[in-house]
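Colleague: here is my input; please provide its structure:
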Amino acid sequence: MRIVHLLAATAVLLPAVTHAQDMGGMEHQHRATAPTTAPAPAQTDPQAQHNAPAPTPSAPARPPQAAMPGMDHDVMGHGPADNGEMHGMDHASMDMHGMKGALGPYSMMRDGSGTAWQPESYPMWAIMGKAGDWSTMVHGFVTLIHDDQGGPRGDRKTFSTSMLMGMGQRELGGGTLTLRAMGSLDPLMGKSGYPLLLATGETADGRTELVDRQHPHDAFMELAAAYSHPLGRDLSGFVYLGLPGEPALGPTTFMHRFSGMANPEAPISHHWLDSTHVTFGVVTAGLVYKGLKLEGSIFTGREPDKNRWDIERPRMDSWSVRATVNPTPNLSAQVSHGFLHSPEGLHPEEDVRRTSASITWNLPLGGNRNWQSTFAWGRNDPSGGDHGYTTDAFLLDSAIQLGRWTIFGRAENVDKDELLGDEHDGDALAGRVFNVSKLSLGGYHSIPLGKLALDLGGLVSKYDLPRDIQPRYGSDPTSFMLFTRLRITG
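Modeller: A predicted model of the protein is given here:
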């Protein structure tokens with residue numbers, strides 16, 4: 001399955017989504033224009049809004065900043081339609097406890113990982129709350145996985161991945177302050193991570209590259225603050241600080257977008273697209289005008305080291321810029337470029353220029369049904385070290401939920417230059433670039449448990465490998481995973 005196959009699949013899938021989107025968008029707009037309660041009078045004074053009396057039960061509060069057309073409050077676990085999921089959402093009738101977009105006057109549903117955006121109509125699983133002047137949100141998951149990677153270079157392992165994120169937001173000085181903390185118990189799986197054919201990047205022990213294995217995430221994934229302030233009508237400026245945090249580079253991270261989070265394994269294109277989502281030292285500043293966001297970051301280029309429980313020293317030696325546009329509630333697209341100084345500890349003399357572009361469609365189908373697809377491209381252009389080749393990665397992932405069943409798939413095509421070591425390692429194939437492809441298909445069934453859901457699922461992966469490396473990997477390896485996941489739904 002070479003790159004032409006992946007592009008052919010893209011050519012088939014995205015126009016279909018586009019056609020459906022045109023129809024779905026009309027229905028979305030129609031619902032949004034149908035008022036469900038009498039409109040509240042506009043208030044422009046923040047203090048007046050703060051002092052306004054609490055609404056009666058017959059007229060639920062909908063702050064203008066948090067108005068989110070398309071979300072049905074009942075499917076958040078607060079009404080008779082609850083089945084542990086959140087799809088077909090009527091944003092305008094949902095009580096978000098005063099929470100709004102972290103970077104400007106838009107729906108908080110648009111916020112993805114770091115300062116990245118995603119479609120506003122996507123399903124969000126979270127528990128919302130209120131503590132004094134603070135609006136709060138908690139979401140996360142824990143997954144138990146049995147992993148069996150096929151072929152001579154495959155391996156087996158049973159392990160757990162997890163993520164817990166808490167967020168608090170309040171009005172401050174005429175603007176909005178948002179605090180976020182995210183952690184994981186992934187380091188418990190061991191420094192060598194878990195088996196994953198064709199995965200490369202980072203190190204287990206500070207001496208050996210991880211190849212055909214996926215590294216664990218750090219215990220501290222994000223400790224960040226964002227502050228936004230209006231600069232004019234529909235215009236706001238923002239600053240984001242993280243230790244760790246995520247710079248303005250690449251799409252919303254795979255574990256935070258609906259099309260990618262259903263799949264429990266990391267993409268083999270991770271280090272071309274979104275590997276900077278855990279960066280120890282980030283400062284981002286930008287402007288938001290309606291559906292357009294322009295931003296730039298300075299950050300630490302070095303990837304996290306082998307010590308997964310600590311907070312590393314920020315170096316602030318790299319930079320990135322990103323432009324994102326959300327023309328409709330169902331679409332988000334970005335293009336970004338960055339300079340990463342010495343990202344790999346085993347190749348400290350090597351710098352990388354990374355370029356990325358992506359587009360995400362989300363299509364609410366109603367009745368606890370939702371479909372999202374993401375197409376992304378990333379390019380790494382190294383200089384100053386052993387890796388002198390420009391390499392590309394293409395990813396297409398998609399997930400569709402039909403009630404309690406979710407079906408997902410991921411297709412990737414990546415140029416890999418670390419599979420068989422570096423040129424000085426003595427292997428005849430070391431240092432060469434091999435174009436590899438992977439296709440994964442899977443699904444899970446959800447069992448609602450109050451504000452939680454238990455997912456039971458599995459996936460299978462097949463590969464297309466160059467002839468030269470088939471003696472190492474096998475001519476037709478097959479991998480699979482079985483998993484059970486407990487996640488917050490709200």
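
Colleague: how much space separates the residue lying closest to residue 172 once chain neighbours are set aside from residue 103?
Modeller: Once flanking residues are discounted, residue 172 sits nearest to residue 227: 7.3 Å by CB to CB, 6 or more residues apart in numbering. Quick note: C-beta positions are derived from backbone N, CA and C, even for glycine. In this view, residue 227 and residue 103 are 9 Å apart by CB to CB, to the nearest Å.

Colleague: which of the two has more neighbours?
Modeller: Using other CB atoms under 10 Å as the criterion, residue 227 and residue 103 rank with residue 103 on top: 27 against 18.

Colleague: can you pull out the strands in the stretch 151-300 of the chain?
Modeller: Taking DSSP state E, counting those that start in this stretch, the strands of the stretch 151-300 of the chain run over residues 156-172, 175-183, 194-203, 209-214, 220-232, 235-242, 282-289, 292-299.

Colleague: now for residue 227 and residue 103: what residues contact both?
Modeller: residue 238 (CB atoms under 8 Å, 6 or more residues apart in numbering).

Colleague: quick one, what contacts the residue lying closest to residue 286 once chain neighbours are set aside?
Modeller: On the basis of CB to CB, 6+ apart, the spatially nearest residue to residue 286 that is not a chain neighbour turns out to be residue 295, at 2.9 Å. Residue 295 makes contact with 115, 238, 248, 284, 285, 286, 287, 321, 322, 324 under the criterion CB under 8 Å, 6+ apart.

Colleague: what subset of the residues you listed is buried?
Modeller: Buried residues within those, counting neighbours by 16 or more other CB atoms under 10 Å: 115, 238, 248, 284, 285, 286, 321, 322, 324.

Colleague: closest to residue 276 out of the residues you listed?
Modeller: Lowest distance from residue 276 to the buried ones among the contacts of residue 295 (CB to CB) belongs to residue 248, with 9.5 Å.

Colleague: for that closest one, give its distance to residue 477.
Modeller: 37 Å.

Colleague: now do residue 339
Modeller: For residue 339 relative to residue 477 (CB to CB), the value is 36 Å.

Colleague: also residue 419?
Modeller: Distance from residue 419 to residue 477, by CB to CB: 13 Å.

Colleague: neighbour count: the two, which is higher?
Modeller: residue 419 (23 against 19).

Colleague: the more buried one touches residue 434, doesn't it?
Modeller: Yes: with contact defined as CB atoms under 8 Å, residue 419 reaches residue 434; the gap is 6.1 Å.

Colleague: got any residues that touch both of those two?
Modeller: Contacts common to residue 419 and residue 434, judged by CB under 8 Å, 6+ apart, are residue 469.

Colleague: residue 239 - how many residues pack around it?
Modeller: The burial count for residue 239: 16, using other CB under 10 Å.

Colleague: that one: what's it in contact with?
Modeller: Counted by CB under 8 Å, 6+ apart, residue 239 has contacts 226, 227, 283, 284, 285.

Colleague: what's the closest of those residues to residue 211?
Modeller: Distances from residue 211 to these, taken by CB to CB, are shortest for residue 284, at 32.0 Å.

Colleague: the closest one and residue 320, how far apart?
Modeller: 9 Å.

Colleague: so what's in contact with these two at the same time?
Modeller: Joint contacts of residue 284 and residue 320 (CB under 8 Å, 6+ apart) are 247, 248, 296, 297.

Colleague: check those and tell me the two furthest apart.
Modeller: 247 and 296 (9.0 Å).

Colleague: which neighbours do the two share?
Modeller: Joint contacts of residue 247 and residue 296 (CB under 8 Å, 6+ apart) are 284, 320.

Colleague: who has more neighbours, the two?
Modeller: Counted by other CB under 10 Å, residue 247 and residue 296 do not tie: residue 247 has more neighbours, with 32 against 16.

Colleague: who touches the spatially closest residue to that one that is not a sequence neighbour in this structure?
Modeller: Of all residues not flanking residue 247 in the chain, residue 297 sits nearest, at 3.7 Å (CB to CB, 6+ apart). By CB under 8 Å, 6+ apart, the residues touching residue 297 are 247, 248, 249, 282, 283, 284, 319, 320, 321, 322, 338.

Colleague: gap between the first one and residue 343?
Modeller: Put plainly, it is residue 247. 12 Å.

Colleague: ok, the second one next?
Modeller: Distance, residue 248 to residue 343, using CB to CB: 16 Å.

Colleague: is residue 356 in a bridge, and if so with what?
Modeller: Beta-bridge partners of residue 356, counted by DSSP bridges, are residue 336, residue 378.

Colleague: can you map out the helices along the stretch 251-400 of the chain?
Modeller: Taking DSSP state H, counting those that start in this stretch to define them, one finds helices in the stretch 251-400 of the chain at 258-261, 270-273.

Colleague: against residue 220, how distant is the closest residue to residue 280 other than its chain neighbours?
Modeller: What sits nearest to residue 280 in space, not counting adjacent residues and going by CB to CB, 6+ apart, is residue 312, at 4.0 Å. Here residue 312 is placed at a distance of 9 Å from residue 220 (CB to CB).

Colleague: now do the shared contacts for these two.
Modeller: In contact with both residue 312 and residue 220: no residue, using CB under 8 Å, 6+ apart.

Colleague: which stretches of this structure have low pLDDT?
Modeller: Along the chain, segments meeting pLDDT under 70 span 1-98, 423-425.

Colleague: show me the beta-bridge partners of the closest residue in space to residue 382 that isn't next to it in sequence.
Modeller: Take residue 382 and drop its neighbours on the chain: the residue closest to it by CB to CB, 6+ apart is residue 352, 4.9 Å away. Beta bridges link residue 352 to residue 340, residue 382, judged by DSSP bridges.

Colleague: what sits against residue 352?
Modeller: 301, 339, 340, 343, 380, 381, 382, 383.

Colleague: how far away is it from residue 337?
Modeller: Distance of residue 352 to residue 337, given as CB to CB: 11 Å.

Colleague: how many other residues sit next to the nearest residue to residue 281 once chain neighbours are set aside?
Modeller: Nearest non-adjacent residue to residue 281, counting by CB to CB, 6+ apart: residue 314, 2.5 Å away. By the criterion of other CB under 10 Å, residue 314 has 19 neighbours.

Colleague: residue 314 contacts residue 280, doesn't it?
Modeller: Yes: here residue 314 reaches residue 280: they are 5.7 Å apart, a contact under CB under 8 Å.

Colleague: what is in contact with those two at once?
Modeller: Common neighbours of residue 314 and residue 280 (CB under 8 Å, 6+ apart) are 243, 300.

Colleague: now distance to residue 446 too, for the contacts of residue 297, in TSV please.
Modeller: Shown next, in TSV, are those (distance: CB to CB, whole Å):
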residue	distance to residue 446
247	34
248	34
249	33
282	34
283	39
284	35
319	42
320	36
321	39
322	34
338	37
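
Colleague: which of those residues lies closest to residue 152?
Modeller: For the contacts of residue 297, the nearest to residue 152 is residue 249 (35.4 Å; CB to CB).

Colleague: how close does the residue located most distally from the centre of the chain get to residue 420?
Modeller: In terms of distance from the mean C-alpha position of the chain, residue 426 ranks first, at 38.2 Å (CA atoms, centre = their mean). According to CB to CB, residue 426 and residue 420 sit 11 Å apart.

Colleague: kind regards, and thank you for your time.
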